[in-house]
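Asks: Everything below, folded, please.
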Amino acid sequence: MSITVAKSAGFCFGVNRAINIVNSLLDKNVKVSTLGPIIHNMEVVNELESRGCKAVDNIDEVEKDATLVIRSHGVPKYVIDKLDENGVKYEDATCPFVKKIHNIVANPDNKDGIVLIAGNSVHPEVEGIIGHCSTECHTFKNSEEIDEIYNIVLKKNNKQVFVVAQTTFDTKEWKKCVKKIKKLCTNAKIFDTICNATSVRQTEADLLAAQSDFMVVIGDRHSSNTGKLFDICKRQCDNTVLIETADELDALQVSVAEKIGVTAGASTPARIIKEVLDTMSEIKSGVTNGEESFEALLEESLKNLNTNERVMGTVLSIAPNEVQVDVGRKQTGFIPASELSNDPNAKPEDIVKVGDKIELLIMKTNDQEGTIMLSKRRVDAAKGWEILESKVESQDVLTGKVTEAVKGGVIVIYNDVRVFIPASQATATRDESLEDLVGKEVQFRLIEVSQRGRRKRAIGSIRSVLKEQRAAQREEFWKNCEIGKKYTGVVKSLTSYGAFVDLGGVFGMIHISELSWTHIKHPSEVVNVGDTVEVYVKDINEETKKISLGFKNADENPWEILKNQYPVGTVVKATIVGLTSFGAFANIIPGIDGLIHISQIANKRIEKPADVLSVGETVEAKITAIDFDKKRVSLSMRALLPEDEQAPAEATEEVAE
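Replies: This is a model prediction of the structure:
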C-alpha cells in the first residue's frame, strides 16, 4: 500500500491568518467573539471555544468587553459600518484575496454596470462580496445559469459587465463560464479572483485522484472548498470518501486499497490530517488504536481461537523485545515489547518483574508453534479508559507523563491511555518549547473524552491547571509579600531598562540601576533569561500590583568598601578615565572615580590636565577628602611631591562625583 498526500492539503494563508489572530488575542486573555464560526471546521471551532472564543450570529450578541474577529470569509460593508457606529472593538481577519474582490466590486467606476459573481449566493464569502457591490449584481454557479442571466438581464441593455469569482470556485467550471461570458458579452471585464492556493489544490487533487484507487478528502462538510475537492476527486476516482476526522475511516476500505490519495480543504488543520494518516498506517500495519487490523481481525474470527479473552499470567522471564509469561496453558505465552505499555520509551524491565501476576489479553494463538501472543497495554488501556471517562465531569487534576511531542501538541500517558494535549493547552505561554516537556510528569485536566466505534479520543489541558496554580501562587504571594522580603526567582525577559523576574505566579522588575554597582549599558551584562536569581522586594505598588526588586549585594557596595579599606590619607594607584579643563578623573576601585583637581596634578602651574596626563595612564595619588553623602572623592598627586618643589595651591578645588 502507498499513501500519497497532496502537497497543498490543509490550511490556506487566509485561514491560517484568521486562526493566528484569534489565538493571539486569547493568549493575551482578551475575550473573543467571532461573527459565525471562524472557519468551516467544527474541530477547530470547538478547540477555540474551549479556550474561550465565542461564535455569535449577529453583532448585537457581542459582549461589551469582547473583541470581535471578522472571519476570513469577510462580511458585507453594512456590518463594518454598524460595528463602527456601535463602537464595537474588532479585528478584521478577512482574507486579503477576498478583500481584493471587495475593492473590485466596490469601485465607483462600476456604478453604471452590472457585477456577475461566480459562487454560491448563500455562502458567507459571496454574501460579503454582494454587500460591497456599488451596483446591480447577480450570482451564478455554472455556465447554464449564465445563459439565464443573459436572457433575463444582460440581453436587454449594453451595460458594462464586471465578473469576479468566489475564491474557492471550481477552476474547471470557471474556465467554462469565462468562455461563455466572452461569447455573450464582448464588453465584459473579467477578474480571475480564484485564490491561487485553491487552484493549485484542485489541480493537484484532480491528478492525485486519477492515480489512486481510494481517495480520502478531509474537511468539514459545511466547507465550500472541501465540497468542491470531493466533487473533483469523485469525478476521477469512484472510491472517494469525505471525512471530517480519522474516526470516520472505514478499516476495510483502507485495508484493501493499494494506492491511497489524501487531500484536505483549506480549513483543515495539519493535526487532523496527521491523525488520519496515522490511523491509516496503523490499520495497514495491524494496530488501529489498540485493535488489530481488519485482516487480522478477519483471520482470527475465522480461526475462532478465543482471542480477546482475558487471562491472568505470571512473568517468567524478561528480554529486550518480549516478556515470557505462564498463563496456565500448554502453549508458551509471550508479550511483545510493543504490547507492554503505551509509553514508547518504557523498558520491559521497568514495567514488570519476574514473578509479577498480571492481567493480559489474548491477541493470537498459534497451535503449530505452540505460542500465545498476549497484550498487557490493551488491558491497562481499557481499564484506564474507564477511569478516564469518570474524570471528565469531576474535572479532577490528573498526573501523567509526556512521552512525545507531535505536530500540534504532546502525548501524555495516563493509566496507559494516550491523552492528546494541543500545543495551545500544553504550556503557560505559547513561546515555550513542547520538546522540553517530553519525559516530564505533568498535571492536566480533561477537556474531552469521546468514542466513535473503535476510535477513542481523549484531549486534555495542562495550561488550565498551570493557570490555577499560578493564581493560587499569586494569592499566596500577595498575602505574605512585604518590603525587604527575599525571594528566589527566574529571569523571564530583559528590556533596555531592566530584567523581569518570575517570583512564582507574580512578576517583579529589577531596574538596570539595581543590577550592578557599576555602570552597565544593558541588563544582559549581568543576567540572562532563564537565570535563577536571589532578589528582595524594594517597593510595592498595591494599586497596579507592580513590584520593584533589589538585586545588588550590600557587601559589594563600593562606597562601603572605600569606607572600610581606603580612609582619607591612603595612597592609591588610580587609572585616568577622563580629562576636563579643571582636572582629571581617576578610577580608584570598580564603581568609584575620584577627581584630581588641576591644582593637584603637578608641582608647577599647568595650562590643562591633558598636557601632563592621558586616559588609560596609571598614577599614584593620595585620597585627600571623601564626601559619602554626595558620593565624591578628592585625590592629589601633588601631595606626594617634595614640599619645597610644590607650587602655590589654587584658591578653590572641585571634587569628583
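Asks: Would you map the helices across the stretch 151-300 of the chain?
Replies: Assigned by DSSP state H, counting those that start in this stretch, the helices in the stretch 151-300 of the chain fall at 171-184, 196-210, 224-236, 251-256, 270-285, 294-303.
Asks: quick one, the second one and helix 224-236 angle?
Replies: Think helix 196-210. Comparing the axes of helix 196-210 and helix 224-236 via axes from the mean of the first three to the mean of the last three Cα atoms, to 10 degrees yields an angle of 30 degrees.
Asks: now the longest one
Replies: Relative orientation of helix 270-285 versus helix 224-236 (the same axes, to 10 degrees): 30 degrees.
Asks: Name the residues that touch helix 270-285?
Replies: If you take Cβ atoms under 8 Å, 6 or more residues apart in numbering as the criterion, helix 270-285 is touched by 1, 3, 5, 9-11, 41, 43, 216, 218, 243-246, 249, 251, 254-255, 260, 262, 264, 288-289, 293-294, 406-409, 422, 455. All C-beta spots, glycine's among them, are computed from the backbone N, C-alpha and C.
Asks: for the first one, same thing?
Replies: By Cβ under 8 Å, 6+ apart, the residues outside helix 171-184 that reach it are 116, 118, 140-143, 146-147, 150, 154, 161, 163, 165, 188, 190, 192, 194, 198-199, 202-203, 232.
Asks: which of those count as buried?
Replies: For the contacts of helix 171-184, a burial check counting by 16 or more other Cβ atoms under 10 Å picks out 116, 118, 140-141, 143, 146, 150, 154, 161, 163, 165, 188, 190, 194, 198-199, 202, 232.
Asks: For the strand ranked longest in the chain, buried residues please.
Replies: When the chain is parsed with DSSP state E, its longest strand is strand 441-452. Neighbour counts over strand 441-452 (16+ other Cβ under 10 Å) mark 442-447, 449 as buried.
Asks: Dump those to TSV, plus distance to residue 316 and pLDDT.
Replies: Below are those laid out as TSV (distance: Cβ to Cβ, whole Å; pLDDT from 0 to 100):
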residue	distance to residue 316	pLDDT
442	35	93
443	37	92
444	37	92
445	40	88
446	37	89
447	42	86
449	36	82
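Asks: ok, how many other residues are close to residue 491?
Replies: Residue 491: 21 surrounding residues under other Cβ atoms under 10 Å.
Asks: quick one: it and residue 528 touch, right?
Replies: Yes: using Cβ atoms under 8 Å, residue 491 is in contact with residue 528, at 6.7 Å.
Asks: so the residue nearest to residue 205 when sequence neighbours are not counted bridges to which residues?
Replies: Spatial nearest neighbour of residue 205, excluding adjacent residues (Cβ to Cβ, 6 or more residues apart in numbering): residue 263 at 4.5 Å. Beta bridges link residue 263 to residue 217 when assigned by DSSP bridges.
Asks: Could I get the contacting residues of residue 263?
Replies: The contact partners of residue 263, taken as Cβ under 8 Å, 6+ apart, are 5-6, 8-9, 201, 204-205, 208, 215-218, 229, 233.
Asks: all helices of the stretch 551-657 of the chain, in order?
Replies: Shown for the stretch 551-657 of the chain, the helices assigned by DSSP H, counting those that start in this stretch span residues 558-565.
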